[in-house]
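1. Next one to model:
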Amino acid sequence: MINNLPVQVVLPGSFAAEAHWYPKALNATIHPLVSFFMNLSPERIVSRYCHLNPKTDRGKLLELLRYECRHFLWSGADLIHATTAEGNRRMVVIENNSCPSGQKSMPLLDDHLEEGGYRRLVERTFLPYIKRKTGGPKVTGRLAVIYDKNPMETSGYAAVIADVFNEDVLLITDYTEAEERNIRIENDQLYALHEGEWVALRAAFRYVTQRPWNRLPLTSRTKILNPIVACLAGGRNKMVAAKAYDFFNGELSGSGLKIHAPETIRDVAKTEIPLWVARWGGQAVVKVPYSNAGQGVYTITNETELEAFMAMEMRYDRFIVQSLIGNYHWSSNSSTGRYFHVGTIPNKQGETHVCDIRLMVSSTPEGIKPLACYSRRARQPLVNQLTGSEDSWAILGTNLSEKQGENQWTSDVNRLMLMDRRDFNRMGVGLDDLIEAYIQTVLSTIAIDRMASQLFTKKGKFSMRLFRSLNDDESLLSEIL
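-> Residues are numbered from 1 along each chain as shown. Now for the predicted structure:
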């Protein structure tokens with residue numbers, strides 16, 4: 001058990017770039033192609049995409065890019081650049097995260113805007129969200145940033161919020177296992193413990209990622225970005241996200257648009273997992289649906305890895321099992337074909353590494369816009385054949401976060417690949433790949449946002465009955481309740 005850190009006060013004018021970027025990103029120059037992509041208008045993106053995909057409904061795609069989210073206002077999708085033996089390439093959505101990291105890994109888009117994507121997110125999304133009328137009585141109080149990891153970025157957001165609103169901002173830690181908390185809920189409003197007194201909060205920018213539903217309310221008079229429902233609807237819940245993607249793909253039928261995700265089996269009991277792994281020839285990915293930062297993801301490529309997983313004690317009752325994307329010779333043969341990693345451009349030793357792309361976006365009154373982008377590579381190179389003794393996670397896993405203990409995290413920055421002049425050329429992607437990644441991120445974000453809206457009744461109350469029907473996991477439900 002650990003006590004939370006004292007609440008800090010962040011003052012206007014305190015933003016210092018060196019405190020909120022990795023050194024390698026702070027000193028990097030953004031690649032011209034990435035800069036060009038980040039500045040493309042929705043109309044040009046639609047024209048280019050429809051030129052290459054002539055069966056796409058142009059009007060529908062433009063409508064979706066201009067969509068304004070109600071709940072899931074800030075997201076970051078993790079995508080894999082995959083292909084088939086016939087050369088059919090696509091960006092595959094592995095997951096879409098609420099409260100995503102990425103600003104500290106993004107070179108400045110404009111040299112004159114020192115705060116970069118931090119300011120864009122606050123001005124484009126957080127500020128309009130705070131000004132949005134709710135219909136209820138006006139809530140007064142202070143502004144806060146609440147976090148349980150990633151102090152480099154959360155302190156950056158706090159400094160920018162202080163500048164944009166021209167007022168002091170409270171920077172608050174809120175750990176899952178804390179003996180004493182700096183936050184409490186009273187009359188559906190959040191209060192923070194500051195200098196021995198409980199002060200009301202009118203709005204909070206949230207970077208609480210570890211089971212946030214057991215600490216923050218589903219409905220609150222204090223505006224929270226992102227609200228907890230965005231996590232339950234798919235932002236931190238891979239089980240419901242998979243269903244949200246299926247429902248939205250049904251709506252998109254006939255438009256030429258679709259969320260591309262690995263083939264997913266949902267609501268799987270632990271005892272069933274070996275049967276589904278066998279169905280895909282012994283290669284699969286098993287996920288604890290409510291974990292994040294690379295935790296709770298298990299790549300299975302041999303009997304030893306399957307046995308090791310089955311021997312583990314798990315917090316939850318239900319899992320998802322997905323087709324595995326690896327090398328062509330050992331990828332799952334799913335219903336959509338055998339996809340495998342395009343990977344990085346081979347290095348001097350002829351080695352290709354698995355890499356993914358994290359694309360962060362936010363909802364604005366003008367639509368969903370890109371904010372930041374970076375890539376991560378796996379620790380070990382992609383091999384053509386498996387011998388059965390490999391650590392498949394070292395070959396396929398790309399997440400940089402490493403848990404060092406309770407509430408202690410580090411990042412393996414050596415595997416970080418920036419969108420700069422040096423790293424971008426090694427990723428093996430081009431402008432059209434970035435456009436497709438952006439469109440896939442937008443589609444998955446909208447799917448989760450619509451699911452979040454459906455979880456509320458007409459009277460604005462969270463429907464636990466509907467949520468239970470979508471995600472009947474007693475361990476999770478007990479945490480929420």
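
2. Just give the number of residues close to the residue nearest to E366 when sequence neighbours are not counted.
-> Nearest residue to E366 in three dimensions, chain neighbours excluded: R66, at 6.8 Å (Cβ to Cβ, 6 or more residues apart in numbering). The C-beta positions use only the backbone N, C-alpha and C, and glycine is treated the same way. Neighbours of R66 under the rule other Cβ atoms under 10 Å: 14.

3. now the one 4 residues further on
-> A total of 17 residues lie near R70 under the criterion other Cβ under 10 Å.

4. so how far is T83 from it?
-> Counting by Cβ to Cβ, to the nearest Å, the gap from R70 to T83 is 36 Å.

5. Next: G388.
-> 26 Å.

6. if you count what's nearby, which of these two comes out ahead?
-> The neighbour comparison of G388 against T83 (other Cβ under 10 Å) goes to T83, with 16 against 9.

7. The residue nearest to the more buried one when sequence neighbours are not counted and H341: what is the separation?
-> In space, and not counting its chain neighbours, T83 is closest to R89: 4.5 Å by Cβ to Cβ, 6+ apart. Going from R89 to H341 by Cβ to Cβ gives 11 Å.

8. Same question for T125.
-> When T125 is compared with H341 (using Cβ to Cβ), they lie 32 Å apart.

9. list the contacts for the most centrally placed residue in the chain?
-> When Cα atoms, centre = their mean is applied to the chain, the residue found nearest the centroid is N97 (2.1 Å). Applying Cβ atoms under 8 Å, 6 or more residues apart in numbering to N97 gives the contacts S75, G76, A77, D78, G235, R236, N292.

10. In strands, which of those residues fall?
-> Mapping those onto strands (DSSP state E) picks out S75, G76, A77, D78.

11. Neighbour-wise, give me the winner out of those residues.
-> That'd be S75 among those, by other Cβ under 10 Å, with 29 neighbours.

12. Would you mind listing the residues in contact with the nearest residue to that residue once chain neighbours are set aside?
-> Nearest residue to S75 in three dimensions, chain neighbours excluded: T445, at 4.6 Å (Cβ to Cβ, 6+ apart). T445 makes contacts with C69, F72, S75, A77, N96, V361, S363, I368, as judged by Cβ under 8 Å, 6+ apart.

13. pretty sure T445 is in a strand, no?
-> No. Assessed with DSSP: H, G, I helix; E, B strand; the rest coil, T445 is helix; it does not lie in a strand.

14. Now F309: closest residue in space, sequence neighbours ignored.
-> Y298 (5.0 Å).

15. Hmm, the residue nearest to E366 is touching G367, no?
-> Yes. Taking Cβ atoms under 8 Å as the definition, R66 is a contact partner of G367 at 3.9 Å.

16. Endpoint to endpoint, stretch 214-233 covers what distance?
-> Taking Cα to Cα, to the nearest Å, the first and last residues of stretch 214-233 lie 15 Å apart.

17. now do stretch 135-148
-> Taking Cα to Cα, stretch 135-148 runs 31 Å from one end to the other.

18. Mind listing what's buried along it?
-> For stretch 135-148, burial by neighbour count (16 or more other Cβ atoms under 10 Å) applies to V139, G141, R142, L143, A144, V145, I146, Y147, D148.

19. any idea how far the fifth one lies from F126?
-> Applying Cβ to Cβ, the value for A144 to F126 is 12 Å.

20. ok, now the fourth one?
-> Shown here: L143 relative to F126, a distance of 9 Å by Cβ to Cβ.

21. what's the overlap in contacts for these two?
-> Between them, L143 and F126 share these contacting residues under Cβ under 8 Å, 6+ apart: I161, F205.

22. now stretch 38-45: how far from the chain's centre is it?
-> 22 Å (Cα atoms, centre = their mean, to the nearest Å).

23. can you pull the buried residues of it?
-> For stretch 38-45, the neighbour count (16+ other Cβ under 10 Å) marks M38, L40, P42, I45 as buried.

24. quick revisit: which residues touch the residue nearest to E366?
-> P42, E366, G367.

25. which residues does L359 bridge with?
-> When assigned by DSSP bridges, L359 has beta-bridge partners A77, C373.

26. how deep is it tucked in, by neighbour count?
-> Per other Cβ under 10 Å, the neighbour tally for L359 reads 27.

27. Same check on P370?
-> For P370, the neighbour count with other Cβ under 10 Å is 23.

28. Show me what the helix or strand containing it is packed against.
-> Element membership for P370 (DSSP states H and E) is strand 367-377. For strand 367-377, the packing partners by 3 or more Cβ pairs under 8 Å, 6 or more residues apart in numbering; DSSP states H and E come out as helix 32-38, helix 116-121, strand 355-364, strand 416-417, helix 431-454.

29. Please repeat the previous calculation with a cut-off of 10 Å.
-> Other helices and strands packing on strand 367-377, by 3 or more Cβ pairs under 10 Å, 6 or more residues apart in numbering; DSSP states H and E, are helix 32-38, helix 42-52, helix 58-65, strand 74-83, helix 116-121, strand 355-364, strand 416-417, helix 431-454.

30. Minimum distance to Q189: which of those has it?
-> Taking Cβ to Cβ, helix 431-454 is the member of the helices and strands packed on strand 367-377 nearest to Q189, at 21.1 Å.

31. Next SSE downstream of that closest one?
-> For helix 431-454, the succeeding helix or strand toward the C-terminus, using DSSP H and E, is helix 464-470.

32. for the following helix or strand past that next one, packing partners?
-> With elements assigned by DSSP H and E, the helix or strand that comes after helix 464-470 is helix 474-480. Of the remaining helices and strands, those touching helix 474-480 by 3+ Cβ pairs under 10 Å, 6+ apart are strand 318-323, helix 464-470.

33. mind putting those in CSV, mean pLDDT included?
-> Below are the helices and strands packed on helix 474-480 laid out as CSV (pLDDT from 0 to 100):
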stretch, mean pLDDT
strand 318-323, 94
helix 464-470, 95
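
34. could you redo the ones you listed as TSV and give each row distance to L225 and mean neighbour count?
-> Listed next are the helices and strands packed on helix 474-480 as TSV, based on distance: least, Cβ to Cβ, whole Å; neighbours: other Cβ atoms under 10 Å:
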stretch	distance to L225	mean neighbour count
strand 318-323	27	23
helix 464-470	21	14
